[in-house]
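Chemist: sequence first, then the predicted structure, then my questions.
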Amino acid sequence: MSALTPSRALAFSALASVAALAAALVAQYQFDIKPCPWCVMQRGIFILIAVVSALGWLLQRFSAARVLSLLLVGALAVAGLVAAGYQHEVAAKLASCDMTFADRVLTALDLEARWPSVFMVTASCSEASAYTLLGQPYEIWSGLLFTLIALFSLLSVKHRRLNRR
């Protein structure tokens, strides 16, 4: 029996995403790490991954729901990796991240007004790039977790397909 089952991948994705959100909120409210629009967008992606993973785990009896949730989690994780990469490579070098894609999405969804304790932007991207954890910017850690989630979800789909044969 392989350790990487769809059920375990979904549980890992849900728990890791909730842990990432909790770590971001602790960093913000206990250590005054101010989030930029791209940081906040990654929080939103982690929330989506947690919700989709939890639903997939709850509905895992239904093969189609399990596979669909794993593929959606993988796609969301890739989107998160792209957001973290963009933040690190482009947005961190901008004087302002106003009107970037992340800022426009947050504004369109009105997330700052709906859930300010999680989605309030309080720093520019260049300001946020100065914050590090163990010598690495936060978006690097976020990108690594998105990568793990994507790999686990997509490998577990492959595992499921191999076990069907």
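Modeler: Happy to help now that I have it. These figures come from a predicted structure and were not determined experimentally. Numbering: from 1, shown residues only.
Chemist: so who does residue 140 touch?
Modeler: If you count contacts by C-beta atoms under 8 Å, 6 or more residues apart in numbering, residue 140 has them with 84, 88. In short, each C-beta sits where N, CA and C put it, glycine included.
Chemist: ok now the host helix or strand of it, how far from the chain's centre?
Modeler: In this structure, residue 140 sits in helix 138-164 according to DSSP states H and E. Put simply, helix 138-164 sits 12 Å off its chain's centre (C-alpha atoms, centre = their mean, to the nearest Å).
Chemist: go through that helix and flag the buried ones.
Modeler: Residues 138-143, 145-146, 149-150, 152-157, 159-160 are the ones in helix 138-164 that count as buried (16 or more other C-beta atoms under 10 Å).
Chemist: what is the rounded mean pLDDT of that helix?
Modeler: Mean pLDDT, helix 138-164: 81.
Chemist: check stretch 108-123 too.
Modeler: 83.
Chemist: show me what that stretch is in contact with.
Modeler: 21, 25, 28, 34-37, 39-40, 43-44, 47, 103, 106.
Chemist: hmm, try it at 10 Å
Modeler: Stretch 108-123 is contacted from outside by 21, 24-25, 28-29, 32-41, 43-44, 47, 97-98, 102-103, 105-107, 128-131, using C-beta atoms under 10 Å, 6 or more residues apart in numbering.
Chemist: now the end-to-end length of that stretch.
Modeler: This stretch, stretch 108-123, spans 19 Å end to end (C-alpha to C-alpha, to the nearest Å).
Chemist: repeat for stretch 114-130
Modeler: 28 Å.
Chemist: how far does that stretch sit from the chain's center?
Modeler: The answer for stretch 114-130 is 15 Å, by C-alpha atoms, centre = their mean.
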